[in-house]
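**Student:** sharing a sequence plus its predicted fold:
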Amino acid sequence: MRHRSLRTARHRVIGGLAAALLGTAGLTLPAAAQPAAARPAPSEQTARAAETTLSGDGLALTPPMGFNNWNSTHCRAEFNEAMVKGIADLFVSKGLKDAGYTYVNLDDCWALPQRDANGKLVADSARFPNGIKAVADYIHSKGLKIGIYTSAGTKTCNTAGFPGALGHERSDAQQFADWGIDYLKYDNCNNQGVDAKQRYRTMRDALKAASETTGRPIVYSICEWGQNKPWEWAADVGQLWRTTGDISDSWGSMLSIAKENLPLAPYAGPGHWNDPDMLEVGNGGMTDTEYRSHFSLWSVMAAPLLIGTDLRKADASTYQILGNRDVIAVDQDPLGKQGTVLSSEGGRWVISKELADGGRAVALFNETDQPQRIATTAARLGLPPADGYRLRDLWQHQDHNTAGSVAATVPAHGTVLYRVSADKRWASYPPAAELRLGASPFTEAGTTAPVETALGNLGGTPAHQVRVRLTGPDGWRVRTTSPTQAATLPTGSRLATRWQVTAPQDATPGAYELTLRADYRSARGGEVSTGLPIPVHVVVAPPTGATYASDLPWLNAVNGWGPVEKDTSVGENAAGDGHPLTLDGTAHAKGLGVHAPSEVTYYTGGHCTAFTAKVGVDDEEGTAGTVAFEVWADGAKVLSTGTLTNADPAKTVTAAVDGATTVRLVTTDGGDDITSDHGDWADAAFTC
Ligand code: GLA
């Protein structure tokens, strides 16, 4: 199904980047020890554990893990017996079964559209020539479990109209149990307006009765997309409930779903989980950095981990992400708490998950498309006061010690995931160090730009033989006039370095990646090496005179829905699918088509004086859509239209941008949601 809320946005904030990353000047980091927030007393913990065992029937005491074909195949013919068996084989041979993945689940399209003369469901013989029981037997023979799908309606969601279970609950549940099914995903399509609680409870009771006849319990996955707030009533109905519309394989979809699911933390617990939908890791629509964020977020949210890619075609990095046992252990932690948001200012998220051993998993998640420093402390995480803590990086698989700071510069769209715990042996781990970056620099080809970095010692022990290096791609020159080495870096101090970076004469405009590396030793001689990618933009000064924005390269563009378009309106999906920019019945040949919330940033290099445009909601949205337009010159808002609707005439705007290094064209949704928010920057031009 398509859900409106999927149309929410990629927000981004880069204001004050330099300050946020490098912090205030000076050599000393803030001391870490602060009073600890309350942690539950042991008696409370015991009470909670007792509650846990009473809740439900002992099913899904940790979030279900497994596979479901939907995100990879939808209804296509490649969803068949060979695929399902192949996945089961790979679960075993690739160590995923050992890592906890158990359920191999069939989604929609496994059945024939018609029931048989006895009202029984019939497997599609082209896909499953040996029937479902044979597949179940195969999966069971591997020590795995099998799941199946139907809808709490007269038909499933696919337009081919496969049979749903509404009115057939007893018989269908019995058929599933007879086949040896261990898990049912129960969808919401074609529900005939029958009350959701009633529909989902009827199937719960049918599954219970059927599983009693076979002795094989069935995990019950409620899939009504959060429409009836199942978190408020379904804890004793199913073991998990979808909280959102369908995920798709894009950063925007994954992000908006995470944002809908995060506030529901209080409702999750052993045997009753929030389900923000299945994983997209490996399907190709996101970068590996984004997939690591997806997997990290799902784990701190104690979400079900259902692999949604065809593992028969998966590459090494997909296996590395899905098989990360440190991250899986966060998801599967027996305390069963969903992580909560401690802060999210400026797209810098700190999400903390309390763990059974008293420690915390903490995700430092960077929603923005620039590196961001994200920081918290052991005290804010609720850990008891101590001189030091163990800090395990769950993607690097390395242990360090921290005196209390938990901080990292996180690459764009990335997540640093730590496990922080009180540990008497904390000082036996090398000190944690934090690499910091002044601001992502701009440079024109052949010219030199300054880069400021710092290495801070977060540990409770000193770092020795400290050395930092900055390297660029071929042809880049890097020099420094300040120290790159320190014999010792005590707790809380930092080594700050200023670099001069020169782009090659023939560098084409675009983003380049330099690498900052730091090496040091712990007191016991253990060697530590850490790195941070540093984006540098090679830019061109805009030409003298008036130039259309759509004829200039932008530094970056973020859009609420689909890509920003040059010289057309936004088409919402692929690049180039827009229409002529049209305001008040007049088409404009030049300009930018955006979907709020959006940001398009240009390099003006101090050469430009004014930005002009005609702005409004594109006529193609009829009477819908509300968009507010803003122009930012570096950190200052120099123009703001307030909210415009289609009833307003297009507005001619002029903004003074004298001396600005960058100019950002921003739209917001006007305070309501982003539906239909097609904004036009018609005739947008810079005067330089
Ligand atoms: C709905 C569900 C999806 C998938 C499809 C199958 O959209 O939310 O997860 O099961 O149906 O048709």
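**Tutor:** That came through, no problem.
**Student:** residues of the chain that sit close to the ligand?
**Tutor:** By CB under 6 Å from any ligand atom, the residues of the chain that approach the ligand are Met1, Trp70, Asp107, Asp108, Thr156, Cys157, Asn158, Asp187, Cys223, Trp225, Asp246. For every residue, glycine as well, the C-beta is placed using N, CA and C.
**Student:** ok, and the closest non-adjacent residue to Asp187?
**Tutor:** Of all residues beyond its chain neighbours, the one nearest Asp187 is Ser151 (3.9 Å), with distances taken as CB to CB, 6 or more residues apart in numbering.
**Student:** what about the one you found, how many residues nearby?
**Tutor:** 25 (other CB atoms under 10 Å).
**Student:** how about Ala422?
**Tutor:** When neighbours are counted by other CB under 10 Å, Ala422 comes out with 18.
**Student:** picking that back up, for Ala454, see how far away the residue nearest to Asp187 is.
**Tutor:** 56 Å (CB to CB, to the nearest Å).
**Student:** same deal with Arg348?
**Tutor:** Going from Arg348 to Ala454 by CB to CB gives 18 Å.
**Student:** have a look at those two and say which one is more surrounded.
**Tutor:** Neighbour tally, Arg348 and Ala454, criterion other CB under 10 Å: the higher count belongs to Ala454, 22 against 19.
**Student:** give the pairing partners of the helix or strand containing that one; include direction for each.
**Tutor:** Using DSSP states H and E, Ala454 sits in strand 448-457. Here strand 448-457 is paired, per DSSP bridges, with strand 433-437 (antiparallel), strand 494-502 (antiparallel).
**Student:** for that strand, list the C-alpha coordinates in PDB.
**Tutor:** In PDB, the C-alpha atoms belonging to strand 448-457 read as follows (Å, rounded to 0.1, in the frame of the first residue of the first chain):
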ATOM      1  CA  THR A 448      44.400  26.400  -1.700                       C
ATOM      2  CA  ALA A 449      41.800  26.200   1.200                       C
ATOM      3  CA  PRO A 450      42.400  25.800   4.900                       C
ATOM      4  CA  VAL A 451      41.100  22.700   6.700                       C
ATOM      5  CA  GLU A 452      41.100  22.500  10.500                       C
ATOM      6  CA  THR A 453      41.100  19.300  12.400                       C
ATOM      7  CA  ALA A 454      41.500  18.100  16.000                       C
ATOM      8  CA  LEU A 455      42.100  14.900  17.700                       C
ATOM      9  CA  GLY A 456      40.600  14.800  21.200                       C
ATOM     10  CA  ASN A 457      41.300  12.200  23.900                       C
END
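**Student:** that one: what's the following helix or strand?
**Tutor:** On the C-terminal side of strand 448-457, the closest following helix or strand by DSSP H and E is strand 463-471.
**Student:** which other helices and strands does the helix or strand following that next one contact?
**Tutor:** Sequence order places strand 477-480 as the next helix or strand after strand 463-471, per DSSP H and E. For strand 477-480, the packing partners by 3 or more CB pairs under 8 Å, 6 or more residues apart in numbering; DSSP states H and E come out as strand 463-471, strand 494-502.
**Student:** dump these to JSON lines, plus mean pLDDT.
**Tutor:** Converted to JSON lines, the helices and strands packed on strand 477-480 look like this (pLDDT from 0 to 100):
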{"stretch": "strand 463-471", "mean pLDDT": "98"}
{"stretch": "strand 494-502", "mean pLDDT": "97"}
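**Student:** find the nearest non-adjacent residue to Gly100, please.
**Tutor:** Nearest non-adjacent residue to Gly100, counting by CB to CB, 6+ apart: Met65, 4.8 Å away.
**Student:** adding mean neighbour count, write the helices and strands packed on strand 477-480 out as TSV.
**Tutor:** As requested, the helices and strands packed on strand 477-480 are exported to TSV (neighbours: other CB atoms under 10 Å):
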stretch	mean neighbour count
strand 463-471	19
strand 494-502	20
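**Student:** so who does the nearest residue to Val539 once chain neighbours are set aside touch?
**Tutor:** Spatial nearest neighbour of Val539, excluding adjacent residues (CB to CB, 6+ apart): Tyr603 at 4.0 Å. Shown in contact with Tyr603 (CB atoms under 8 Å, 6 or more residues apart in numbering): Phe442, His537, Val539, Val540, Ala541, Pro542, Leu555, Thr661, Thr662.
**Student:** from the ligand, how far off is Tyr603?
**Tutor:** 43 Å (CB to the nearest ligand atom, to the nearest Å).
**Student:** so that it lines up with my notes, have the first residue be 642 from now on.
**Tutor:** All set: I'll call the first residue 642, so the last point we hit is now Tyr1244.
**Student:** and that residue, backbone torsions?
**Tutor:** Phi and psi for Tyr1244, reported as degrees, to the nearest 10, are phi -90, psi 120.
**Student:** how confident was the prediction at it?
**Tutor:** Here, the pLDDT recorded for Tyr1244 equals 95.
**Student:** re earlier: what is the burial count for the residue nearest to Gly741?
**Tutor:** Other residues near Met706 number 21, with proximity taken as other CB under 10 Å.
**Student:** correct me, but it touches Gln973?
**Tutor:** Yes - the criterion here is CB atoms under 8 Å, and Met706 meets it with Gln973 at 7.3 Å.
**Student:** sorry, back to before: of the helices and strands packed on strand 1118-1121, which is nearest Leu1024?
**Tutor:** Smallest distance to Leu1024 across the helices and strands packed on strand 1118-1121 (CB to CB): 22.4 Å, for strand 1104-1112.
**Student:** give me the angle between the closest one and strand 1074-1078.
**Tutor:** If you take axes from the mean of the first three to the mean of the last three CA atoms, to 10 degrees, strand 1104-1112 sits at 30 degrees to strand 1074-1078.
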